[in-house]
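Visitor: structure of the sequence below:
(one chain, ligands or ions: 1)
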Amino acid sequence: MGQFLEQIALVTGASRGIGRAIAEKLAAGGATIICADVMDCDETVEQITAAGGKAEGLVLNVTDSEAAETAVQGIAERHGRIDILINNAGITRDRLLIRMTVDDWRRVLEINLDGVFNVTQPVAKVMMRKRSGRVINIASVVGLMGNAGQSNYSASKAGLIGMTKSLAREMGPRGVTVNAIAPGFITTPMTDKLNDDQRDALLKNIAVQRLGEPSDIAEAVAFLAGPGASYITGIVLNVSGGLYM
Ligand code: NAI
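Guide: Numbers count the residues shown, from 1 in each chain. As a prediction, this is how the structure comes out:
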């Protein structure tokens, strides 16, 4: 407890699901959380505050590079620092390639990959000036193993993994670590769409025989953001219960 005291953490896509669990976990460790999302983050902020933590909401569409830069400058001015960035906002638009529209392709890349560029670039400047920081990108095991019907999504997540490794090399000399987490199948609004048959089929391939919870990802984030992980950079931490190995 208290390992993130006095720290400022920016979490994108924090209104629900994995992003909310990450925000709550870092807040429980003492960080002040900036909950950024295209939707309002009122519930996340209320839950953190009710538990005695500190959080503020920020309405931000990560595809808007100018808005991202202005928002990051505002955080840096108000708080003087950004210690942790969690790039978590993401969407799926699943379809087999032959039925995929150009809009399905572009929208997923625009949010899942361009969005990370838009937020990380201004944050990197703040972190590198302070010569410290942690960037954690929420990728996916499908960026490593592929998945039929997710060519757009897996391309965005594979791209994010490549970006993570390049940024780890760029920013390591300035005291900033950059890592990715590759979740497997986690129960959130994003995956609620699956029917029981699809869930059962998935379970057969998960070694620990259960679907993941958002808290499983939040625990991994807390480790990579914490003091014990200062010598870890450029990795992809697979948190999938053995779905991928
Ligand atoms: P979710 O759909 O429950 O939450 C995603 C959040 O991102 C929402 O709050 C949404 O409003 C926000 N968001 C969407 N577009 C945005 C934009 N343009 N700007 C700002 N915020 C935006 O999804 P979930 O499951 O919590 O996913 C979180 C991350 O984890 C995503 O990057 C997803 O790709 C990744 N992931 C999820 C897995 C799962 O099984 N649920 C598996 C592997 C990766």
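
Visitor: for the protein, give the helix that spans the most residues.
Guide: Counting residues, the longest helix found in the chain (DSSP state H) is helix 151-171.

Visitor: quick check: what element follows it along the chain?
Guide: Remark: after helix 151-171, the chain's next helix or strand is strand 176-183, criterion DSSP states H and E.

Visitor: does the ligand have contacts with that next one?
Guide: Yes: Strand 176-183 comes into contact with the ligand (C-beta under 6 Å from any ligand atom), by way of residue 183. C-betas here are computed from N, CA, C, even on glycine.

Visitor: pLDDT-wise, which helix or strand of the protein ranks last?
Guide: Of all helical and strand segments in the chain, the minimum by mean pLDDT, DSSP states H and E falls on helix 196-204, at a mean of 86.

Visitor: contacting residues for residue 163?
Guide: Contacts for residue 163 were tallied using C-beta atoms under 8 Å, 6 or more residues apart in numbering; they are 113, 116, 117, 137.

Visitor: give me phi/psi at the last one?
Guide: Meaning residue 137. Torsion angles at residue 137 (phi, psi; degrees, to the nearest 10) stand at phi -100, psi 130.

Visitor: list the contacts of it.
Guide: Residue 137 makes contact with 87, 116, 160, 161, 163, 164, 178, 179, 180, 181 under the criterion C-beta under 8 Å, 6+ apart.

Visitor: most neighbours among the residues you listed, which one is it?
Guide: Neighbour counts for the contacts of residue 137 peak at residue 87, which has 30 neighbours (criterion: other C-beta atoms under 10 Å).

Visitor: ok, the residue in the chain sticking out farthest from the centre to residue 148 distance?
Guide: Most distant from the centre of the chain: residue 98, at 29.3 Å, with distances by C-alpha atoms, centre = their mean. For residue 98, the distance to residue 148 equals 12 Å [C-beta to C-beta, to the nearest Å].

Visitor: next, the buried residues of stretch 225-245.
Guide: Buried residues in stretch 225-245, counted by 16 or more other C-beta atoms under 10 Å: 225, 229, 233-241, 243-244.

Visitor: tell me, how many residues neighbour the closest residue to residue 79 other than its chain neighbours?
Guide: With C-beta to C-beta, 6 or more residues apart in numbering as the criterion, residue 79 has its nearest non-adjacent residue at 4.7 Å, and that residue is residue 8. Look at residue 8: counted by other C-beta under 10 Å, it has 21 neighbours.

Visitor: my read: residue 8 touches residue 34, true?
Guide: Yes: applying C-beta atoms under 8 Å, one finds residue 8 in contact with residue 34, separated by 6.9 Å.

Visitor: shared neighbours, those two?
Guide: Common neighbours of residue 8 and residue 34 (criterion: C-beta under 8 Å, 6+ apart): residue 75.

Visitor: what parts of the chain come near the ligand?
Guide: 12-13, 15-19, 37-39, 60-63, 88-91, 111, 115, 138, 140, 183, 185-186, 188-191.

Visitor: run through the residues that contact residue 127.
Guide: Here residue 127 is in contact with 82, 83, 85, 133, 135, 171, 174, 175, 176 (C-beta under 8 Å, 6+ apart).

Visitor: ok, so of those residues, who is nearest residue 50?
Guide: residue 83 (23.5 Å; C-beta to C-beta).

Visitor: the strands in the chain, which residues?
Guide: Under the criterion DSSP state E, the chain contains strands at 8-12, 32-37, 54-59, 84-87, 133-138, 176-183, 236-239.

Visitor: sorry, back to before: please indicate which of the residues of the chain next to the ligand are buried?
Guide: Buried among the residues of the chain next to the ligand by 16+ other C-beta under 10 Å: 12-13, 15-19, 37-38, 60, 62, 88-91, 111, 115, 138, 140, 183, 185-186, 188, 191.
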